[in-house]
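>>> Sequence first, then the predicted structure, then my questions.
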Amino acid sequence: MLDTPREQDFDEIAELASRICETPIAVVNLVGNGRQFFKAEVGLGVRETPLDSSFCARAILEQDFMIIPDATKDTRFDCNPLVTAENGLRFYAGALLKTAEGHPIGTVCVLDFKPRNLSDMQQTTLKVLARQVMRQLELRRTLRERDEAQAQQAVLNAEIAHRMKNTLAMVQAIATQTLKGVTERDAVEALARRIAALGSAHDQLLQQDWTAASLEKVVRPMLLLHGDGGRIRASGPDIDLGPKATLSISLLLHELATNAAKYGSLSAPEGKVELSWTIDDTGEEPVLRMHWQESGGPEVNEPSQRGFGSRLIQMGLIGKGGVTKRWLPSGLVAEFEAAMSGVKAL
């Protein structure tokens with residue numbers, strides 16, 4: 001905190017100390033590295049004075065509180081240049097600033113040019129103000145450590161994201177080379193797209209330290225890929241998803257949109273999809289309900305065979321089912337549900 005700018009929180013404490021103790025000078029003083037720095041002051045007009053002539057240098061050697069009614073009659077200070085000077089200081093009282101470990105770092109002090117004393121109430125108030133200063137200092141240290149940790153985490157996340165993308169790109173390249181001779185190119189392309197969907201889900205999780213991802217942001221890549229011209233309309237409250245739900249829902253939406261583009265409503269120029277979700281809290285536990293409804297496409301029928309994509313869809317929002325599908329003349333309608341505890345689970 002040495003050499004930091006003035007802050008209103010500390011200025012107000014110094015002002016309050018001056019008023020309550022009825023002194024022309026009040027200081028929030030920090031001592032360190034052979035110097036004393038005034039984090040806040042009233043009546044001095046400077047931010048720093050030499051430590052060798054400081055009253056506070058002596059005060060931090062005391063237990064909790066030091067009071068000098070008349071410095072000219074105190075052998076510790078009667079030769080101090082701040083006292084012997086014309087219109088020099090006469091009175092000093094300081095409450096110690098101590099860390100949680102008991103280390104003294106400064107004082108909240110009041111000074112006057114005439115001898116005087118403080119009442120019990122004034123002394124108690126000065127000690128209380130000193131504790132308030134320490135709480136402010138501890139708060140700032142905690143916030144600074146948090147910001148530093150977040151900055152380090154952001155660097156780490158960026159590195160993880162970079163390596164994850166490289167890894168997925170390598171997996172995709174290996175899969176492409178391995179399956180180069182496969183005649184069913186649709187299957188190869190589907191694998192590549194699924195790997196890309198996983199990469200997108202990882203990106204969303206890394207933005208929140210791998211603990212959560214926004215449902216709106218999970219939906220967005222699917223809209224960008226398949227929802228040109230507003231053909232997919234999505235609506236619902238923004239919800240934080242846990243890591244498992246993020247991956248499951250990313251793959252689920254990818255498969256639904258891919259199937260709609262190949263066989264369903266999005267394969268027709270006028271086809272559309274309505275995607276919506278709500279939180280149902282009418283039961284014992286809140287439940288996330290998601291609704292997918294296609295319209296304007298060709299007539300669809302339930303597939304006679306289930307491929308890997310169908311099995312992914314059937315796993316639902318968190319990999320535990322909770323899926324209802326209907327193949328109507330107007331298009332596929334799918335309902336998904338999962339308990340919010342599972343949706344948010346890490």
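Now that the structure is in, tell me what you want to look at. Small disclaimer: the values here were computed from a predicted structure and weren't measured. Residues are numbered from 1 along each chain as shown.

>>> Strands along the chain, start to end?
All strands of the chain, identified by DSSP state E, fall at 25-32, 35-42, 48-49, 65-68, 91-98, 104-112, 213-214, 232-235, 240-241, 272-280, 287-295, 323-328, 331-339.

>>> With mean pLDDT and distance to Arg76 added, can I get the ones you listed in a markdown table?
Using the backbone N, CA and C atoms, a C-beta is placed for each residue, glycine as well. A markdown table is the format used below for these (pLDDT from 0 to 100; distance: least, C-beta to C-beta, whole Å):
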| stretch | mean pLDDT | distance to Arg76 |
| --- | --- | --- |
| strand 25-32 | 88 | 17 |
| strand 35-42 | 87 | 17 |
| strand 48-49 | 76 | 17 |
| strand 65-68 | 90 | 8 |
| strand 91-98 | 92 | 10 |
| strand 104-112 | 91 | 15 |
| strand 213-214 | 81 | 63 |
| strand 232-235 | 91 | 75 |
| strand 240-241 | 88 | 61 |
| strand 272-280 | 94 | 69 |
| strand 287-295 | 95 | 71 |
| strand 323-328 | 93 | 82 |
| strand 331-339 | 95 | 71 |
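
>>> what would the ones you listed look like in JSON lines with distance to Thr4?
Formatted as JSON lines, the strands of the chain follow (distance: least, C-beta to C-beta, whole Å):
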{"stretch": "strand 25-32", "distance to Thr4": "9"}
{"stretch": "strand 35-42", "distance to Thr4": "7"}
{"stretch": "strand 48-49", "distance to Thr4": "12"}
{"stretch": "strand 65-68", "distance to Thr4": "25"}
{"stretch": "strand 91-98", "distance to Thr4": "15"}
{"stretch": "strand 104-112", "distance to Thr4": "13"}
{"stretch": "strand 213-214", "distance to Thr4": "36"}
{"stretch": "strand 232-235", "distance to Thr4": "47"}
{"stretch": "strand 240-241", "distance to Thr4": "36"}
{"stretch": "strand 272-280", "distance to Thr4": "45"}
{"stretch": "strand 287-295", "distance to Thr4": "47"}
{"stretch": "strand 323-328", "distance to Thr4": "58"}
{"stretch": "strand 331-339", "distance to Thr4": "49"}
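
>>> Dump those to TSV, plus mean neighbour count and distance to Leu118.
Formatted as TSV, the strands of the chain follow (neighbours: other C-beta atoms under 10 Å; distance: least, C-beta to C-beta, whole Å):
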stretch	mean neighbour count	distance to Leu118
strand 25-32	23	12
strand 35-42	22	16
strand 48-49	16	22
strand 65-68	20	6
strand 91-98	24	5
strand 104-112	25	8
strand 213-214	21	56
strand 232-235	17	66
strand 240-241	20	54
strand 272-280	18	59
strand 287-295	21	63
strand 323-328	14	75
strand 331-339	20	62
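
>>> domains of this protein?
Domain ranges of the chain: 8-144, 213-344, per automatic domain parsing.

>>> Nearest approach to Ser304 belongs to which of the strands of the chain?
Shortest distance between Ser304 and the strands of the chain, using C-beta to C-beta, is found for strand 323-328: 11.8 Å.

>>> Check the residue with the largest distance to the centre of the chain and give its pLDDT.
Most distant residue from the mean C-alpha position of the chain: Lys73, 55.7 Å away (C-alpha atoms, centre = their mean). What the model reports for Lys73 is a pLDDT of 91.
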